[in-house]
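Novice: Whatever this is, show me its structure:
(one chain, ligands or ions: 3)
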Amino acid sequence: SVTTRTASCSTSALARVTERYKALEMLDRFTQNLGTAVLSGRVIEGLLAEAGEIMHAEKAWLLAGHQHHLARFRLDDEATVREVPTELDLALTTGLGEAGQMFAVSGLVASEATEGFEQVMIARIRSDEADPLYLVVADRSGAVRSFDAGDLRLFETLAAHAGIALQNVGLVDRLRREIEVTDHLAAHDSLTGLPNRNRFNKTLDAAIAEKESVAVLLIDLDRFKDVNDTLGHHNGDRLLVEVGRRLSQLIKAPNLVARLGGDEFAVLLTDSATEAEVIRWGLEIAEELEQPFQLADLEVQAGASIGGALRTPAANDGPTLLRQADVAMYSAKGDHSQIELYAPHRDHYSPERLAMVGKLRAAIERRELTLHYQPQIDLATGEVVGAEALVRWLQPDGTMVAPDDFIGVAEHTGLIRPLTHLVLEMSIEQGARWYRQGHRFQISVNFSPNNMVQRSLAADVGRLLEQAGLPPQYLMVELTETTVMGNPGRTIEIMNALRSLGVNLSIDDFGTGHSSLSYLTGLPATEIKIDKSFVFAMETDPTAATVVRAIVDLGRSLGLLVVAEGVESAELASRLREMQCAVAQGYHFSRPLPVREFERWLAERAGAEVDQWVSGQSIEHTAQVVAPKS
Ligand code: C2E
Ligand code: MG
Ligand code: MG
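Specialist: Numbers count the residues shown, from 1 in each chain. Ligands and ions are numbered 1, 2, ... in the order given. A predicted model of the protein is given here:
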């Protein structure tokens, strides 16, 4: 037997033979245990646990090459986890020949050395060029001496054995599948089964490196939080799964759809990603997500806001494209426009936007802003009862920049305060001038969310009114629902302070802020202004008319003045009058006009009857509500 033969050998030879015998024994056990692991479907776990134990190594991992990518699989509390390969892994696998290698880590890769390794050994399990497989062990456990050449030979034999054993029983495929499953789990979102952020980012990077046209669409559900809060997380999850299903039916390879997290999804377009195509895709996705979802016996409308960004010389990497799509998505949300493409002037990090901040600051200091006034008409009498002051930025060449193009910048920079102050000053002075001329209409001024945190605001308004000599009831401050909802405590405090001065308050863009109608009862407002989108929609959509009627009725029952904005036709004016909407504003009466033109307009229409504004058959029908002109 082996023992008797070794008895006659020298001590070192004895040690060698004992070692070889032990190695054989261990390899045998290794192969058997690997077989068991294969049967239980846990090849990687089995392989790593055995290799670690046999080599007395504290750490063991598997490096799997797959289509030029490398992944690291490691045992973590009995389960395999997939990790991004480290610098060490990359160093080990580049230039590795057929033979195994042993490295002293110190001096090899600093980051790993600091992790505490001293030594690693690497061996190939399979030398398939495209999908190589390496086994790595590191650090001797306990008091055992460090790895030596004999350990490396044993380790190589072990790896070769594993390779043959797996190959022989046709289990390489099994291992491959297991790697793929783990791979899939690491690259996919477990709820929807879609690729996850990690995978999306990698594919995006690869696309930027390889393809000409690349675009990203970021999709955020509009009412996910409502669903989650009212129908529970279970239904929230079901909604996300269904959204994922709809998106993956729509988006096919080479394009890619992923869930980035929460209710945020992303689409990568590499197939003719032109501006027109991105918009078309955005609209198609929006349309698909507009369709109701069936949840808990309810039809739920989720809706989505989508931002798109195209690769340009200035946006030539994944993070920039994603950030731009994010900026565009927030614009789409703010504007209720479903899809928007990235525009530098709406991006507060873009150089264009930063340049604009500087120019706007200078313009405010030099008082280069001007106000246009748009009349508001009493639908019962035809009288002008108000004028909304709308700011314009006067350029040195005489052109005007519309507020939508710079109010956002002001709101994001703090410039909104000096801007609002200037607008207040100019409009109150103009209002006082008109008041002295005998006109009795209110001047409406728009405030932004960041104005409603200034405690001194009401006092400032009071001082300006007094200096100009305009009675406070001739000033109307417009706040949007979103402004109020953003910071209700402080906003209502300031609203009350303004009210006690005698200033009137309007809720602008009413209906777009998702707050409940009954919420209004708690607000110290005196007016609601129905958003123009509802008024426009009345023309084609009967439900919009129902909504408008409901708002008018509610406002009236709360004793609020109801104003409709965006009235572009006589037809609409007369329908609103029928609904007993008190006041209307819109292009049908007049566009916003500079002071001189507004005054000319006022003079021309002096003495005009209400019938001049409200035409059609409904005039007779509503004749009785037309008060005689005083
Ligand atoms: P807003 O307060 O809802 O103002 C009404 C907007 O609707 C104005 O656009 C007006 O020109 C437009 N409009 C009025 N009638 C019609 C119509 O019949 N059809 C259509 N299609 N549009 C109509 P404008 O002047 O471009 O102002 C846009 C927004 O900018 C305003 O919406 C307001 O939110 C903001 N804004 C304007 N001036 C100021 C300001 O001084 N301060 C602040 N914070 N925001 C302002
Ligand atoms: Mg307004
Ligand atoms: Mg409005």
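
Novice: Find the least confident helix or strand in the protein, judged by mean pLDDT.
Specialist: Using mean pLDDT, DSSP states H and E, helix 618-621 stands out as the lowest-scoring helix or strand of the chain, at a mean of 34.

Novice: Surely L90 and L70 touch.
Specialist: Yes: checked against C-beta atoms under 8 Å, the pair L90 and L70 is within contact range at 6.9 Å. Bear in mind the C-beta positions are built from the backbone N, C-alpha and C, glycine included.

Novice: Poorly predicted segments of the stretch 401-550 of the chain, please.
Specialist: By pLDDT under 70, the low-scoring segments of the stretch 401-550 of the chain are 513-521.

Novice: which residues in the stretch 301-450 of the chain form strands?
Specialist: When secondary structure is read from DSSP state E, counting those that start in this stretch, the stretch 301-450 of the chain shows strands at 304-310, 339-341, 369-378, 384-394, 400-401, 442-446.

Novice: residues near T420, how many?
Specialist: 22 (other C-beta atoms under 10 Å).

Novice: which residues touch it?
Specialist: V445, F447, S448, N451 (C-beta atoms under 8 Å, 6 or more residues apart in numbering).

Novice: any idea which of these is closest to E275?
Specialist: S448 (30.8 Å; C-beta to C-beta).

Novice: hang on, the earlier thing: ok, L90 and L70, which is more surrounded?
Specialist: L70 (18 against 12).

Novice: Could you look up the SS state of that one?
Specialist: What DSSP: H, G, I helix; E, B strand; the rest coil gives for L70 is strand.

Novice: what residues are up against the closest residue to it other than its chain neighbours?
Specialist: Leaving aside its sequence neighbours, L70 sits nearest to P85 (C-beta to C-beta, 6 or more residues apart in numbering; 4.5 Å). Residues in contact with P85 (C-beta under 8 Å, 6+ apart) are L63, L70, A71, R72.

Novice: Report the separation between P85 and ligand 2.
Specialist: 57 Å (C-beta to the ion, to the nearest Å).

Novice: Tally up the residues packed near S272, please.
Specialist: If you count neighbours by other C-beta under 10 Å, S272 ends up with 11.

Novice: So what's the residue count around I492?
Specialist: Residues lying near I492 (other C-beta under 10 Å) number 15.

Novice: returning to what we had before: with the contacts of P85 in mind, which one is nearest to ligand 1?
Specialist: A71 (51.9 Å; C-beta to the nearest ligand atom).

Novice: Look at that closest one and say how many residues are nearby.
Specialist: Using other C-beta under 10 Å: A71 sits among 19 other residues.

Novice: And the pLDDT at the nearest residue to it once chain neighbours are set aside?
Specialist: The spatially closest residue to A71, leaving aside those adjacent along the chain, is A64, at 5.1 Å (C-beta to C-beta, 6+ apart). We have a pLDDT of 78 for A64.

Novice: Could you export the strands of the stretch 301-450 of the chain as JSON lines, including mean neighbour count?
Specialist: Shown next, in JSON lines, are these (neighbours: other C-beta atoms under 10 Å):
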{"stretch": "strand 304-310", "mean neighbour count": "26"}
{"stretch": "strand 339-341", "mean neighbour count": "23"}
{"stretch": "strand 369-378", "mean neighbour count": "22"}
{"stretch": "strand 384-394", "mean neighbour count": "22"}
{"stretch": "strand 400-401", "mean neighbour count": "15"}
{"stretch": "strand 442-446", "mean neighbour count": "24"}
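
Novice: ok, the residue in the stretch 301-450 of the chain that ligand 2 sits nearest to to ligand 3 distance?
Specialist: Ranked by C-beta to the ion, the top residue of the stretch 301-450 of the chain for proximity to ligand 2 is N446, at 4.5 Å. N446 sits 8 Å away from ligand 3, going by C-beta to the ion.
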